[in-house]
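**Student:** sequence and predicted structure, then a few things I'm wondering about:
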Amino acid sequence: MGNLLDIRHLTVVYHTEEDEVHALSDVSFSLQKGETLGLVGETGAGKTTTALAIMGLLPRRVGEVQSGEILFEGRDLLRCSDADMRAIRGASISMIFQDPMTSLNPTIRIGDQIAESIRQHQPDMKRADVERRVDEILEMVGIPAARKREYPHQFSGGMKQRVVIAIALALEPQLLIADEPTTALDVTIQAQVLQMMGDLQRQLGTSTILITHDLGVVSQTCDRVAVMYAGEIVEVGTAEDIFLGKTHHPYTTGLFGSLPDLNRETRRLSPIDGLMPDPADLPKGCRFNPRCPHCTALCRECEPELTARGSHAIRCHLMGKEERA
Amino acid sequence: MSTPLLETRDLKKYFKTPAGMLHAVDGVSLTIGEGETLGVVGESGCGKSTLGRTVLRLLEPTAGQVLYRGEDITTFDKRRMFAARQEMQMIFQDPYASLNPRLSVSEIIAEPLIVGKLCRNAHEMNERIGGLMETVGLAPRFAHSYPHELDGGRRQRIGIARALATNPRFIVCDEPVSALDVSIQAQILNLLMDLQEDKGLSYMFITHDLSVVKHISSHIAVMYLGQCVEYAGTKELFANPLHPYTRALLAAIPVIDITRRGKRIETIQGEVTSPIEPAPGCRFAPRCAYATEACRQEQRLCQVSEGHWVACCRAAGEEA
């Protein structure tokens, strides 16, 4: 099966007044049809920048793609014209944002907001057909069609996120990018929404990139996982590689150590010392070296490559050594 | 059991709204022992933050009592309350909103010392501030920084230093780590637990994150729509949850377990009903799969085994 999406050596910088901020460096990954990829990392790791780059929504002038390709069905999105991108966005690739409270227009009835994206891409569709499609998609996300004449403020947070999902899926896109879709929701509502997203994904055969910091959510929904740190992918593999594998990038290990485990008694957590480096002032060598418990002289000098072993790749000098030994 | 450090008895806080009385906290009775941590969990709107504020009288309770070392602080006058507050402090959720942006770190930590007249001179004050910063792991070089120059984790450390300034015995922690990234969250949780060990503090730890609450608490109270539906020791609650809501809440936690991938978990349907003029009877009944006629009666917390309380007629009956 071919890859739906292929990102190769993507490098993005943001130009601010004072600095050049290295948001993404040499990010490569691919996504197959029907697959769910989890993009994990903490604030500032570059998860959202990756999503915006795919959508062609990086802030103009400030954000610059310095190099790389984003191949969607073999076509480089970075070379598409604005008009082409407008046709792709919403129809072939759509995105769900974190905060359902701010991604809906408070002054437009939710039915009209769903219809808007349909009309945008299928201007010839008859009004009655559009309405029928709106009803259908609302029922699909578990909202009675009768509520389409209500405004966003009349819905709860979980329901609003369902509306946002309805808009994103209205045209049955091949790729859905979900940026922290359930972070703002309570756990019981999160479970409902995740379950519904999974059902719809299987039904429509959509590929998904799920951006989140919640490793629990990732373990229950994703086929493959990429861990990001300071603008780089430090580890990527199947869910089994990441959650059951023995070798990991020290950052991934630290991330797991920071989580209180419900199934085990741990008196103390073992967090990662220090903070993520300033992306405008990255350390020399491996970007994780100032916080890494296994740091060597080599780590402070040379940047490690992403070393693959089967489906599992890790960006760490220690990995390479093991391999040679 | 010795006298608990803090006890609430049938504590109520109602808010007047145009649509009627909003029952934010509705008859909560809890105890926290010396050196213990009571975790208060529940989803947004269940009244857990209001409970925390009412306990400290930052909000005046509508009815009920708050006993601190056996004395009802709701009857205290201004002067006695001032003294009591020295021992009862609070750490807030949002380290971005709870620090005055126009004060430097040392000025923020100095405020409770000045208000409480706890230092005799500037020298003593500076020493005390330095000591507090060291306790919470803030390097001295940040003393003259402003909150906006620091990251979330360091800001939360300032909030903790400020709360510790008056040498409190009891601290209400209102979602102190939910705004932080996991690696920073772990640093702050470790700090709070170390402080508890060193100083024998008692915490009321309010959070929606069940894995955090399990990690830090000795006892847990589960709240739903202003009421405490289950109260037990942490181990007992996770091993043997009785209330249907507690069970649903535990089932909904996304634990790291790839064997659960793609499998259906039992989610509760529907959403939280309105806390405004709630109907009598069990408030969870409209979403509960086991609701019966008996659930229309008011449910009181009943002890089903040593130290395990539940407000559900079915669960209580099952156990007996």
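**Tutor:** Arrived safely. Numbers count the residues shown, from 1 in each chain, chains lettered A, B, ... in the order given.
**Student:** tell me how far the helix or strand hosting residue B:49 lies from the chain's centre.
**Tutor:** Residue B:49 belongs to helix B:48-55 when assigned by DSSP states H and E. Taking the mean C-alpha point of helix B:48-55 and that of its whole chain, the gap between them comes to 7 Å (C-alpha atoms, centre = their mean, to the nearest Å).
**Student:** looking at chain B, which helix or strand is least sure?
**Tutor:** The helix or strand of chain B with the poorest confidence is helix B:313-319; it has a mean of 73 (mean pLDDT, DSSP states H and E).
**Student:** just the buried residues of that helix, please?
**Tutor:** Neighbour-count burial for helix B:313-319, with 16 or more other C-beta atoms under 10 Å in any protein chain shown as criterion, is recorded at B:313, B:314, B:315, B:316. The C-beta positions use only the backbone N, C-alpha and C, and glycine is treated the same way.
**Student:** show me what that helix packs onto, helices and strands only.
**Tutor:** Where contact means 3 or more C-beta pairs under 8 Å, 6 or more residues apart in numbering or on different chains; DSSP states H and E, helix B:313-319 is packed against strand B:302-305.
**Student:** the closest residue to residue A:3 other than its chain neighbours: what secondary structure?
**Tutor:** Across the structure, with C-beta to C-beta, 6 or more residues apart in numbering or on different chains as the measure, the residue nearest residue A:3 apart from its sequence neighbours is residue A:30 (4.4 Å). Secondary structure assignment for residue A:30 (DSSP: H, G, I helix; E, B strand; the rest coil): strand.
**Student:** right, and residue A:30 touches residue A:69 too?
**Tutor:** No: in this structure residue A:30 lies outside contact range of residue A:69 using C-beta atoms under 8 Å: 11.4 Å.
**Student:** need the overlap of contacts for the two.
**Tutor:** In terms of C-beta atoms under 8 Å, 6 or more residues apart in numbering or on different chains, residue A:30 and residue A:69 are both contacted by the residues A:6, A:7.
**Student:** other residues contacting the strand or helix carrying residue A:196?
**Tutor:** Of the helices and strands defined by DSSP H and E, residue A:196 is found in helix A:187-204. Taking contacts as C-beta under 8 Å, 6+ apart, the residues outside helix A:187-204 that touch it are A:34, A:36, A:140-142, A:157-158, A:161-162, A:165, A:169, A:172, A:176, A:178, A:181-182, A:185, A:206, A:208, A:217, A:220-221, B:43, B:208, B:210, B:248-249, B:251-254, B:262, B:264-265, B:267-269, B:271.
**Student:** among those, name the ones in strands.
**Tutor:** The members of the contacts of helix A:187-204 that map onto strands under DSSP state E are A:36, A:176, A:178, A:208.
**Student:** what's near enough to touch the second one?
**Tutor:** Spelled out, that is residue A:176. For residue A:176, the set of contacting residues under the criterion of C-beta under 8 Å, 6+ apart consists of A:93, A:94, A:95, A:96, A:168, A:169, A:201, A:206, A:207, A:208, A:209.
**Student:** residue A:168 is in contact with the third one, correct?
**Tutor:** Yes: taking contacts as C-beta under 8 Å, residue A:95 lies within contact range of residue A:168: 6.7 Å.
**Student:** out of those two, which sits in the more crowded spot?
**Tutor:** With other C-beta atoms under 10 Å in any protein chain shown as the criterion, residue A:95 and residue A:168 differ in neighbour count, and residue A:168 comes out ahead with 27 against 23.
**Student:** and the pLDDT at the more buried one?
**Tutor:** Model confidence at residue A:168, given as pLDDT, is 93.
**Student:** okay, now residue B:104: neighbour count?
**Tutor:** Residue B:104: 16 surrounding residues under other C-beta under 10 Å.
**Student:** for residue A:192, that is, sorry about that
**Tutor:** By other C-beta under 10 Å, 23 other residues sit near residue A:192.
**Student:** if I look at it, how far off is residue A:65?
**Tutor:** 37 Å (C-beta to C-beta, to the nearest Å).
**Student:** one more: residue A:167?
**Tutor:** The spacing between residue A:167 and residue A:65, counted by C-beta to C-beta, is 27 Å.
**Student:** for these two, indicate the residue with more neighbours.
**Tutor:** With other C-beta under 10 Å as the criterion, residue A:167 and residue A:65 differ in neighbour count, and residue A:167 comes out ahead with 23 against 16.
**Student:** quick check: mean pLDDT of stretch B:41-56?
**Tutor:** Averaging pLDDT along stretch B:41-56 gives 92.
**Student:** how long is it end to end?
**Tutor:** This stretch, stretch B:41-56, spans 18 Å end to end (C-alpha to C-alpha, to the nearest Å).
**Student:** residue A:70 reaches residue A:10, doesn't it?
**Tutor:** Yes: in terms of C-beta under 8 Å, residue A:70 counts as a neighbour of residue A:10; the distance is 6.6 Å.
**Student:** common neighbours of those two, please.
**Tutor:** residue A:53.
**Student:** do stretch A:14-26 and chain B meet at all?
**Tutor:** No: figure legend: stretch A:14-26 not in contact with chain B (C-beta under 8 Å from any C-beta of the partner chain); closest approach 14.8 Å.
**Student:** buried stuff in that stretch?
**Tutor:** Applying a neighbour-count criterion of 16+ other C-beta under 10 Å, the buried positions in stretch A:14-26 are A:14, A:21, A:22, A:23, A:24, A:25, A:26.
**Student:** shaky segments in chain B?
**Tutor:** In the prediction, chain B carries residues with pLDDT under 70 at positions B:1-2, B:262-266, B:318-320.
**Student:** could you rerun that using 80?
**Tutor:** Where chain B drops to pLDDT under 80, the residues are B:1-3, B:257-271, B:315-320.
**Student:** give me the residue at the spatial middle of it.
**Tutor:** What sits nearest the mean C-alpha location of chain B, by C-alpha atoms, centre = their mean, is residue B:206, with 2.5 Å.
**Student:** ok, now chain A?
**Tutor:** When chain A is reduced to its mean C-alpha position, the closest residue under C-alpha atoms, centre = their mean turns out to be residue A:211, at 2.9 Å.
**Student:** that residue pairs with what?
**Tutor:** For residue A:211, the residues forming beta bridges with it (DSSP bridges) are residue A:39, residue A:179.
**Student:** return the residues in contact with it.
**Tutor:** Applying C-beta under 8 Å, 6+ apart as the definition, the contact partners of residue A:211 turn out to be A:38, A:39, A:47, A:48, A:50, A:51, A:177, A:178, A:179, A:180.
**Student:** could you do residue A:67 as well?
**Tutor:** When contacts are counted by C-beta under 8 Å, 6+ apart, residue A:67 is found next to A:9, A:10, A:11.
**Student:** run the last query once more with 6 Å
**Tutor:** Neighbour list for residue A:67: residue A:11 [criterion: C-beta atoms under 6 Å, 6 or more residues apart in numbering or on different chains].
**Student:** so it sits in a strand?
**Tutor:** Yes: under three-state DSSP, residue A:67 falls within a strand.
**Student:** re the thing from before, could you dump the helix holding residue A:196 to PDB, C-alpha only?
**Tutor:** Taking only C-alpha atoms (Å, rounded to 0.1, in the frame of the first residue of the first chain), the coordinates of helix A:187-204 have been written out as PDB:
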ATOM      1  CA  VAL A 187     -12.200  12.400  30.900                       C
ATOM      2  CA  THR A 188     -15.600  10.800  30.500                       C
ATOM      3  CA  ILE A 189     -16.400  13.200  27.600                       C
ATOM      4  CA  GLN A 190     -12.900  12.600  26.100                       C
ATOM      5  CA  ALA A 191     -13.600   8.800  26.100                       C
ATOM      6  CA  GLN A 192     -16.900   9.400  24.200                       C
ATOM      7  CA  VAL A 193     -15.300  11.700  21.700                       C
ATOM      8  CA  LEU A 194     -12.300   9.500  21.100                       C
ATOM      9  CA  GLN A 195     -14.500   6.500  20.600                       C
ATOM     10  CA  MET A 196     -16.600   8.300  18.100                       C
ATOM     11  CA  MET A 197     -13.600   9.500  16.200                       C
ATOM     12  CA  GLY A 198     -12.300   6.000  16.000                       C
ATOM     13  CA  ASP A 199     -15.600   4.700  14.700                       C
ATOM     14  CA  LEU A 200     -15.900   7.400  12.100                       C
ATOM     15  CA  GLN A 201     -12.300   6.800  11.000                       C
ATOM     16  CA  ARG A 202     -12.900   3.100  10.400                       C
ATOM     17  CA  GLN A 203     -16.100   3.900   8.600                       C
ATOM     18  CA  LEU A 204     -14.600   6.500   6.300                       C
END
